[in-house]
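> Give me the fold of what follows.
(2 chains)
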There are 2 protein chains.
Amino acid sequence: MREYKLMIPGPVEVSREVRETFNRPTVAHYGEEWAHFYLRTTERLSSMLGCTGQTFILPGSGSVALEASASTFAPERRSLILNNGFFGERLYNIFSRYSDECEKLNFEMGKPIDPDVLNELLRGKRFDIVVFTHVETSTGVLNPVRDIAEIAKSHGALVIVDSISSAAIEKLDMDSWKVDVVVTASQKGLECPPGLGIVSVRSENMQEIRNSRKRSWYSDLSVWLDYFEKWHDWHPFPVTLPTNAIMALGKSLDLIEAQGLAEREAQFERTSQKVRSCLKEMGFELFTSRDFSAHGLTAVNTLGKIKPSELVKFLKEKFSVQIAGSLGELSSFLFRIGHMSTEQIKTSNLLTLLVGISDFLRVKGFPCNTQKAISEILEQ
Amino acid sequence: MREYKLMIPGPVEVSREVRETFNRPTVAHYGEEWAHFYLRTTERLSSMLGCTGQTFILPGSGSVALEASASTFAPERRSLILNNGFFGERLYNIFSRYSDECEKLNFEMGKPIDPDVLNELLRGKRFDIVVFTHVETSTGVLNPVRDIAEIAKSHGALVIVDSISSAAIEKLDMDSWKVDVVVTASQKGLECPPGLGIVSVRSENMQEIRNSRKRSWYSDLSVWLDYFEKWHDWHPFPVTLPTNAIMALGKSLDLIEAQGLAEREAQFERTSQKVRSCLKEMGFELFTSRDFSAHGLTAVNTLGKIKPSELVKFLKEKFSVQIAGSLGELSSFLFRIGHMSTEQIKTSNLLTLLVGISDFLRVKGFPCNTQKAISEILEQ
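Numbers count the residues shown, from 1 in each chain, chains lettered A, B, ... in the order given. Below is the predicted model:
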């Protein structure tokens, strides 16, 4: 399999330290030392997310963690999905399998969810659960979680946030923002290889895990809670865990904690602004407005000048760099860049990518002032 | 985390080649080259299992693949679980969440499932699905899949087999044995790190995937089939895959195919007989009879002479070797050894383990003739 520098919005390039930890011989997923390590890792994730309750690490992709949130909290309830892209649709697909009633409130792609529209809807109709993405990975929109959660809570709804592309990148504080459940995964801001889904539940909602109607097993957090209690000291989870990935996650948390979350968030924000400036200087249009742009990825509108699929191919072949196209109807004019890991935002990697894009523009007859375009990146 | 030679019934020690492949930089889970590799890997698994239909690789543990089989086939049906141990109980726990009606037919732990008892039951009561383990990992029993499947099919039931501890170790041919669904995982006979659940479905049952009532999303194979069809050439599955683990699986299949399945099965059978002889010579009793013993693990009855937990600790500390105790009521007198991977059955690893056990017996005042006990191992 050919290998590329992964400048996609997940899986991300990971640091040497994380890679080396991942590459250690596999250890067993049980015993006192492992149980302690697993539990400590879940507590560190809770602390990072401002979660006063409990965090669960599930073998699988981010979607298995979304399924766990749906399977545990949605049965016999009415769910409202706030949808502004492909992964909003996915939330609807998952929650509609578990909720008694599941509706979608659609917003324009590339635009943020509007809390006022939500407020209007909730005035007229009662929903038990409101679910939405923090960052919609298909378009790079950053949704205003805090404002949305405030509205949803004021109408008595449980708030579930898909933070797969935002955790450890964007500001997020479950406790003060009153977000009840956060779902994420290992291969984006947590800077690990893929293979782990993560669900964090506020202390106020832990009891509901027990009360929920049992609709599944693997993805039912009450099963996870049972093992947490009955096998606490040697196997506090129900299934075999991919221990290499969890070891890597522990190492990554070392690095994230050493940097400090606030500095880390600021760094991703600064870098994303520089990337945006550079791409605008090259003559592209950005798909999201500055105030509602994710800081871990950027979606770029080619305005019909070039085909995203050709750019993706060119960068792979000439620069060994991989970026992402987009999904569905967006794929004819949108490409996406990931800058959500410490490796991805290294000057050398950003430069290779951006100079590569400018080279493609030159080849295609749309030359730009490369020196000017990359000037901010060089100053970082 | 301290690392040990893993002589447990999964996760297993893996070969250098598989480890090196696992350790390569992460590749993206989409694109033509990846889609081709993923699909080719599923076809090789199908071929290995005698599956005429389709195989799905799901991120997660073996249990997520069990959940997929339950979620896809059990809703609105009556399921019968044939239970002779901890993992039979697990099948009941999972299937009872999805089946309209779910019953357990219990057999003694350490003894195989008796097809005649099943036949008797099915004469009096109709079940749509019969589910059981091929190898019950908690006791090392090898259940007579072929005979059980024949009885179940003669009563018109769908046959689902948990082959987590048997695939690529024990003889298994879905097509000629008329097994409809086989579930397995990466970290046992497939000799990879943990992180992948695998479900294989016979061609006769592929249509039922479509017909089933949708009860979940991640674990619903109809979702997987949708992506297989609509995104076939670049992303033929719905979620982010742990690409390192699947690359490792591809490498492991290279090695398994190079050896040949028949020779491989024979080798595990020969080795397991030698291990059994050795342990008997040391004065232990084996928990399973010769004809119904798994060839990838052995459960050993200490007859009250020694405590399994003390032996486990001793081997870790003095020999850096890890074996497994047992679960629940068995844990006071049973320990388990894994010999289900090419690394685990290397003479050097078996010797370290077995000499270590004999050393513990000596320390505890039950010396044995080590030379005689290990003689068969030395001849391998």
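> quick one, longest helix in chain A?
helix A:261-281 (DSSP state H).
> in that helix, what counts as buried?
A:261, A:264-265, A:267-268, A:271-272, A:274-279, A:281 (16 or more other CB atoms under 10 Å in any protein chain shown). From N, CA and C alone the C-beta is placed, and that goes for glycine too.
> and these as a markdown table, adding pLDDT and distance to A:Leu122?
Listed next are those as a markdown table, based on pLDDT from 0 to 100; distance: CB to CB, whole Å:
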| residue | pLDDT | distance to A:Leu122 |
| --- | --- | --- |
| A:Leu261 | 98 | 31 |
| A:Arg264 | 98 | 34 |
| A:Glu265 | 98 | 30 |
| A:Gln267 | 98 | 36 |
| A:Phe268 | 98 | 32 |
| A:Thr271 | 98 | 36 |
| A:Ser272 | 98 | 32 |
| A:Lys274 | 97 | 39 |
| A:Val275 | 98 | 36 |
| A:Arg276 | 98 | 34 |
| A:Ser277 | 97 | 38 |
| A:Cys278 | 97 | 41 |
| A:Leu279 | 98 | 37 |
| A:Glu281 | 97 | 42 |
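> In TSV: those, plus distance to B:Asn349.
Listed next are the buried residues of helix A:261-281 as TSV, based on distance: CB to CB, whole Å:
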residue	distance to B:Asn349
A:Leu261	44
A:Arg264	43
A:Glu265	48
A:Gln267	47
A:Phe268	46
A:Thr271	48
A:Ser272	50
A:Lys274	53
A:Val275	51
A:Arg276	55
A:Ser277	58
A:Cys278	55
A:Leu279	55
A:Glu281	60
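> hmm, back to that, next helix or strand past the longest helix of chain A?
strand A:285-286 (DSSP states H and E).
> Phi, psi for whatever residue of the stretch 51-200 of chain A ends up closest to chain B please.
Proximity of the stretch 51-200 of chain A to chain B (CB to the nearest CB) peaks at A:Gly195, 3.6 Å away. The phi/psi pair for A:Gly195 (degrees, to the nearest 10) reads phi 140, psi 0.
> how about the residue nearest the centre of chain A, what does it touch?
The centroid of chain A falls nearest to A:Ser165 when counting by CA atoms, centre = their mean (1.7 Å). By CB atoms under 8 Å, 6 or more residues apart in numbering or on different chains, A:Ser165 lies in contact with A:9-10, A:133-137, A:188-189, A:294, A:296-297, A:340.
> Can you classify it as helix, strand or coil?
Secondary structure, DSSP: H, G, I helix; E, B strand; the rest coil: A:Ser165 is coil.
> Return the per-residue confidence for it.
A:Ser165 is assigned a predicted lDDT (pLDDT) of 98.
> so what's A:Ser277 closest to, chain neighbours aside?
A:Glu376 (5.3 Å; CB to CB, 6 or more residues apart in numbering or on different chains).
> so A:Val182 is in which element?
strand A:181-185.
> Report all helices and strands that the helix or strand just after that strand contacts.
Using DSSP H and E, the next helix or strand after strand A:181-185 towards the C-terminus is strand A:196-201. When contacts are defined as 3 or more CB pairs under 8 Å, 6 or more residues apart in numbering or on different chains; DSSP states H and E, strand A:196-201 packs onto helix A:32-49, strand A:54-59, helix A:62-73, strand A:181-185, helix A:243-259.
> switch the cut-off to 6 Å
With contacts defined as 3 or more CB pairs under 6 Å, 6 or more residues apart in numbering or on different chains; DSSP states H and E, the packing partners of strand A:196-201 are strand A:54-59, helix A:62-73, strand A:181-185.
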